[in-house]
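**Student:** Predicted model and sequence below, questions to follow.
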Amino acid sequence: MFKSIGVIELKSIPKGVEATDAALKSAGVQMVSAHPACPGKYEIILTGSISNVTASVSHVLSKFDGYVIDSSVMGRIDEQVITALFGTQKTEKKGSLGLIETFSAATTIKAADIAVKTARVEIFDLRVSRGMGGKGVVMITGEVGDVTAAVEAGSNYAKTSGQLSSYSIIAAPHEELWNQL
């Protein structure tokens, strides 16, 4: 399984589409997603080996520098994070629920990675940018103590980077809430 993620946010949708093509052609990376993000940005998330992701992101940065808002390369990402980005995680609706909301996709992904490496938790859902005003949110489940430790660690990272929007811990979510999520 791939263990690295590259995230690039651009301020132009046409240049974002062009940058996605350039990223995919420049190195052996796989696209997790590439789409317009609110408000009027374009977000690219790539995965692959750390060297290929770094090369691909560097290529885009050099070619589209005037359009890049933010970018990040993260190595040794927990497999849960990558699975959640692809939307293929199979987490049960049980235990406590923790949420971390940030102002950027890169920070959400990194906060999710820190959370799952801090305690015995599972990613329930991971959403970045689309339909959320450019924000991202990670939802984690597990025992209340583990969820609390994981949310604190991920939130502290986001706060330190100036990207924390908010966070919550719900010790025992109501069944109707689980069904809504």
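**Tutor:** Here it is on my side, so go on. Residues are numbered from 1 along each chain as shown.
**Student:** quick one, domains of this protein?
**Tutor:** The chain breaks down by automatic domain parsing into domains covering 4-74, 79-180.
**Student:** Now these in a markdown table, please, with extra columns for mean pLDDT.
**Tutor:** Listed next are the domains of the chain as a markdown table, based on pLDDT from 0 to 100:
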| stretch | mean pLDDT |
| --- | --- |
| domain 4-74 | 92 |
| domain 79-180 | 91 |
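**Student:** Now that we have these, can you turn them into JSON lines and tack on mean neighbour count?
**Tutor:** Bear in mind the C-beta positions are built from the backbone N, C-alpha and C, glycine included. Below are the domains of the chain laid out as JSON lines (neighbours: other CB atoms under 10 Å):
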{"stretch": "domain 4-74", "mean neighbour count": "19"}
{"stretch": "domain 79-180", "mean neighbour count": "19"}
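**Student:** Tell me which helix or strand comes right after the host helix or strand of Ile140.
**Tutor:** Assigning secondary structure by DSSP states H and E places Ile140 in strand 136-142. Where DSSP H and E defines the elements, the next helix or strand beyond strand 136-142 is helix 144-160.
**Student:** what is the orientation angle of that following helix with strand 136-142?
**Tutor:** 160 degrees (axes from the mean of the first three to the mean of the last three CA atoms, to 10 degrees).
**Student:** After helix 144-160, which helix or strand is next?
**Tutor:** In N-to-C order, the element after helix 144-160 by DSSP H and E is strand 164-170.
**Student:** which residues touch that following strand?
**Tutor:** Contact with strand 164-170 is made by 96-103, 107, 135, 144, 147-148, 151, 154-155, 158, 177, as judged by CB atoms under 8 Å, 6 or more residues apart in numbering.
**Student:** let's see 6 Å
**Tutor:** By CB atoms under 6 Å, 6 or more residues apart in numbering, the surrounding residues in contact with strand 164-170 are 97-103, 135, 147-148, 151, 155, 158.
**Student:** next one: stretch 66-84
**Tutor:** Counting by CB under 6 Å, 6+ apart, 1, 3-12, 15, 47, 50, 53-54, 57, 61, 89, 106, 110, 112-113, 116-117, 123, 126 sit against stretch 66-84.
**Student:** at 8 Å what do you get?
**Tutor:** 1-12, 15-16, 19, 32, 41, 47, 50, 53-54, 57, 60-61, 89, 104, 106, 109-110, 112-113, 116-117, 122-123, 125-126, 138.
**Student:** This completes my enquiry, with thanks.
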